[in-house]
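Peer 1: here is a sequence together with a model predicted from it:
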Amino acid sequence: MTDTPTLLSRIRFRDAGTLLGLVIIGVVFATLTPVFLTTPNLMNILQQSSINACIALGMTLVIISGGIDLSVGPIAALAAVLGAAMMVAGVPIPLAVLGAIAVGVACGAFNGALIAWGGLQPFIVTLGGLSLYRAFALIFTGGTPIFGIPPEFRALTNGTLLGIPNPVVIVAVLALIAWVVLNRTPLGEYFMAIGGNAEAARISGVPVTLTKMSAYMISGGLAAIAAMILIGRLGAAEPTLGTLWELDAIAAAAIGGASLSGGRGSIIGTLIGCIILGALRNGLTLMNVQAFYQLLATGIIIIVAMLIDRATSGKEG
Amino acid sequence: MIAPRLALYDVVKSFAGNTVLHSVALTVQPGEVHGLLGENGAGKSTLLNILSGVLSADAGRIEIDGTPVTIGSPRAATAAGIAMIHQELQQVPELTVAQNIFLGASLRHYAGLAVNRRAQEAEARRILSPLDPTIDVTAPIRTLRVAERQIVEIARALRARARIIAMDEPTSSLTPREFDRLVAVIERLSAQGVSVIYVSHKMDEVYRVCQSATILRDGRLMGRVVIPDVPVNTVIETMVGRELTGSTHHSHTRDRVVLETRNLTRGRAVQDATLTLREGEVLCIAGLVGSGRTELMRLIAGVDRADSGQVLVNGHPVPGDPRRRIRAGLGLLPEERKRDGIIRHRPVTSNTALPAMARFSWLGLIQRQRLRITTEALMRDVQLRPLSVDRPIGSFSGGNQQKAIIGRWLAADTRIFLFDEPTRGIDVGAKSEIYALIERLASEGRSILVVSSELPEVIRLADRVLVMRQGRIAAELGPGDISEANIARHAIPSQ
């Protein structure tokens, strides 16, 4: 009997595929516009991808655990306006940031509780959350942006570390933590187990409710962090920020190999997926392609990625 | 001499350089019931898939009534008169019996614009009545029992004018009475000249329904035998490729009671179940399908909540939650391994670690190397084949999945094993390995509860037997009283 490839090598194989996709897109744009392959532009791509990546990390864990989180954009908006309000009101910055993250985690806990204990479907619960948290953000602000984010905080998100933009550094650290959680901790095994087969996981002693809760809480917390990065860069917190973030995050996770039926996904793949989406938009903008066509290209990339996935993984999908 | 109804010659099939069928041949005469035997992985499924057009052979010929045919698609197989009755029936539960029989080939009227329900129902009734006149052709499929659905599937094959019907493990979820009915249907098919290819692991069934059989092992043709001229043991040894070690029952029961249930009740499924299990004891729970055996096991494992009653481990009550029960030393090995037992995409290591994560972690991080070494040692111990613990558990055969789940509970240091149908869907060779493992667990002082529908299995394993009937424990049989007749007498409701 010949040995089939192990799961480990198969996932790496999948990540290599995503990376190959990125390389192809890079080569195409590098030949079409000379600016694309310059260091400042590459940094620019990473920076532009960092917020989506932050959201997509949490989305990947949720998807692996067999769920979906449609409410990340509104959670980010709520965390943004509450965090900004605290900063403007003079709350020390570290405390305000922690407060905003706590808001995100709390929203995630609310989603998770309805899903894990209430037994409701993730899609519907977070669809409800999508309206609910957006409404809270709009009601709290009366629909107007909060200005006056302290310059010390703005300096933090606009600064660089060894030439790398701080948001990229922050998200890289978060990604490393997410990778460790998924691949090296019991929680990560539990995510994959309940996403792969929730009933078998329960019979094997996996704490299913707590595991599901943690996925949504992590997702909510990461949405809040993404919001902090954004308001630092913009200098204002709009209650309408984060519109359609959930779709970009799901797209990145799916391009990176996450299976929407749960049980499978990769942090590295998701990161590359984010960069693919970022590079595509950046390259098309450099070529002065209209936004309409950028949308078209994004759609095509997602569908092509799924078709390639299907064709290479055979019947297992 | 007339040509055989179906003949395959020199069929070869490989996947990615791995040859799974080496020059296999198969002949079936008109009206013959022909067994296709072999362990899991012997190539039976591949051969059936080639016959039904799902796969195409790399080389070889197929002839029907002496005429060469090419079966390039499932549609071509149907046109050639070949039908498959899969283990998992391919029906639409919400549609009626008649609609399912005419699925994809509906009878039309009004110039083909509308389905002619009345004609379909009349025709369905005509096909079904000789098979089973009690089936209502207007009932939705979901209201039928599995045995009835199977007959509907056979009716669909007859509607498509099938001359060769292949049945893949048709009895895996049938009661003995339903099996008798299926035998009657098969005999009727045979009398009408329809050939049947019967795939099964159960030798008593094969000897009852088949006139001949083809034996495969590791993708090779081991021979064609005429039944019952060749003795069962020869057939099994040809299938397995080694002599089966017989065993004599030997009890390891000690005095100490490790598990007690008191008046466990859940709805009407389980009522007032009180039992005790001793250290080193193998206690079997027999009874008909639906008598509450699986439900009782799930209550003991804490997977379902009891309405009332208690479970005590080593004399202490343990709350009804899977994690608490696991910590107390219980482990459930469910009947439906694919559905309830394994995380199929995950490697054996990850599947093993689930109940015992704390043992493999240090400062919150999983010690992959330690997990791997421990898993490998455990899997060597239970004789997992192939011994590659990084492979997804779903890629192993049923028997090896079961061994891996035994290994999972060994890793969690489980003292009380709850086996629900431990050898369901497992081939003959792996079966005796599972029995040997269960006996070894008992000899190590672990206690075992086994739910089984196979009476020979119960008789082989049990130190003591409880018989369930309609949700209650109806009888207890001690060592001297364990016999098929005694079990059957208590299992069947008296009217």
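Peer 2: On my side now, so go ahead. Please read these numbers as outputs of a predicted model, since none were measured by experiment.
Peer 1: quick one: B:Cys147 and B:Asp180 touch, right?
Peer 2: Check again: residue B:147 is Ala, not Cys. No - counting by C-beta atoms under 8 Å, B:Asp180 is not a contact partner of B:Ala147; they are 10.2 Å apart. C-beta here means a position set from N, CA and C on the backbone, and glycine is covered the same way.
Peer 1: who has more neighbours, the two?
Peer 2: Shown here are B:Ala147 and B:Asp180; by other C-beta atoms under 10 Å in any protein chain shown, B:Ala147 has more neighbours (19 against 11).
Peer 1: what helix or strand is that one located in?
Peer 2: Assessed by DSSP states H and E, B:Ala147 sits inside helix B:146-159.
Peer 1: next one: that helix to chain centre, how far?
Peer 2: In this view, helix B:146-159 has its centroid 19 Å away from the chain centroid, taken as C-alpha atoms, centre = their mean, to the nearest Å.
Peer 1: tell me what that helix is packed against?
Peer 2: strand B:82-85, helix B:97-101, helix B:117-128, helix B:176-191 (3 or more C-beta pairs under 8 Å, 6 or more residues apart in numbering or on different chains; DSSP states H and E).
Peer 1: at 6 Å instead, please
Peer 2: helix B:97-101, helix B:117-128 (3 or more C-beta pairs under 6 Å, 6 or more residues apart in numbering or on different chains; DSSP states H and E).
Peer 1: contacts only, for B:Asn486.
Peer 2: B:Leu477 (C-beta atoms under 6 Å, 6 or more residues apart in numbering or on different chains).
Peer 1: now the chain, which segments are flagged as low pLDDT?
Peer 2: The chain I'm using is chain A. A:1-11, A:312-317 (pLDDT under 70).
Peer 1: oops, I was thinking of chain B
Peer 2: B:1, B:40, B:173, B:242-248, B:494-495.
Peer 1: where does it come near chain A, residue by residue?
Peer 2: B:18, B:303, B:322-323, B:326, B:332, B:340-343, B:345-347, B:350, B:354-355, B:357, B:361, B:364-366, B:390-392 (C-beta under 6 Å from any C-beta of the partner chain).
Peer 1: need phi/psi at the residue nearest the centre of chain B.
Peer 2: Centroid-nearest residue in chain B: B:Gly425, 2.8 Å away (criterion: C-alpha atoms, centre = their mean). Main-chain dihedrals, B:Gly425, degrees, to the nearest 10: phi 70, psi 20.
Peer 1: in contact with it, which residues?
Peer 2: By C-beta under 6 Å, 6+ apart, the neighbours of B:Gly425 are B:Gly398.
Peer 1: and the residues of chain B next to chain A, which of them are buried?
Peer 2: Among the residues of chain B next to chain A, the ones that count as buried by 16 or more other C-beta atoms under 10 Å in any protein chain shown are B:303, B:322-323, B:326, B:332, B:340-343, B:345-347, B:350, B:354-355, B:357, B:361, B:366, B:390-392.
Peer 1: of the helices and strands packed on helix B:146-159, which stretch is the most buried?
Peer 2: helix B:97-101 (a mean of 26; mean count of other C-beta atoms under 10 Å in any protein chain shown).
Peer 1: narrow the buried ones among the residues of chain B next to chain A to those in helices?
Peer 2: In helices, judged by DSSP state H, the following of these are found: B:Pro322, B:Arg323, B:Ile326, B:Ser350.
Peer 1: ok, the second one touching A:Gly205?
Peer 2: So that's B:Arg323. Yes - the criterion here is C-beta atoms under 6 Å, and B:Arg323 meets it with A:Gly205 at 5.0 Å.
Peer 1: for A:Ile25, give me its contacts.
Peer 2: Going by C-beta under 6 Å, 6+ apart, the list of residues near A:Ile25 reads A:Ala279.
Peer 1: am I right that it falls within a helix?
Peer 2: Yes - assessed with DSSP: H, G, I helix; E, B strand; the rest coil, A:Ile25 lies in a helix.
Peer 1: could you measure from it over to chain B?
Peer 2: Distance check for A:Ile25 against chain B: by C-beta to the nearest C-beta, to the nearest Å, it reads 29 Å.
Peer 1: distance check, that residue against B:Thr46.
Peer 2: 40 Å (C-beta to C-beta, to the nearest Å).
Peer 1: cool, B:Glu148 as well?
Peer 2: In terms of C-beta to C-beta, B:Glu148 sits 30 Å off from B:Thr46.
Peer 1: ditto for A:Glu238
Peer 2: 60 Å.
Peer 1: and what of B:Asp229?
Peer 2: 28 Å.
Peer 1: and if you look at B:Pro317?
Peer 2: 52 Å.
Peer 1: more neighbours, these two?
Peer 2: Shown here are B:Pro317 and B:Thr46; by other C-beta under 10 Å, B:Thr46 has more neighbours (22 against 12).
Peer 1: helix or strand for the more buried one, which one?
Peer 2: Going by DSSP H and E, B:Thr46 is part of helix B:44-51.
Peer 1: quick one: the helices in the stretch 201-317 of chain A, in order.
Peer 2: Assigned by DSSP state H, counting those that start in this stretch, the helices in the stretch 201-317 of chain A fall at A:208-234, A:245-255, A:267-286, A:291-313.
Peer 1: once you drop chain neighbours, what's closest to B:Pro130?
Peer 2: B:Arg188 (6.2 Å; C-beta to C-beta, 6 or more residues apart in numbering or on different chains).
Peer 1: neighbours around that neighbour, how many?
Peer 2: B:Arg188 has 13 neighbouring residues, counting by other C-beta under 10 Å.
Peer 1: from chain A, how far out is it?
Peer 2: Taking C-beta to the nearest C-beta, one finds B:Arg188 at 36 Å from chain A.
Peer 1: and that residue, how close does it get to B:Arg181?
Peer 2: If you go by C-beta to C-beta, the gap between B:Arg188 and B:Arg181 works out to 11 Å.
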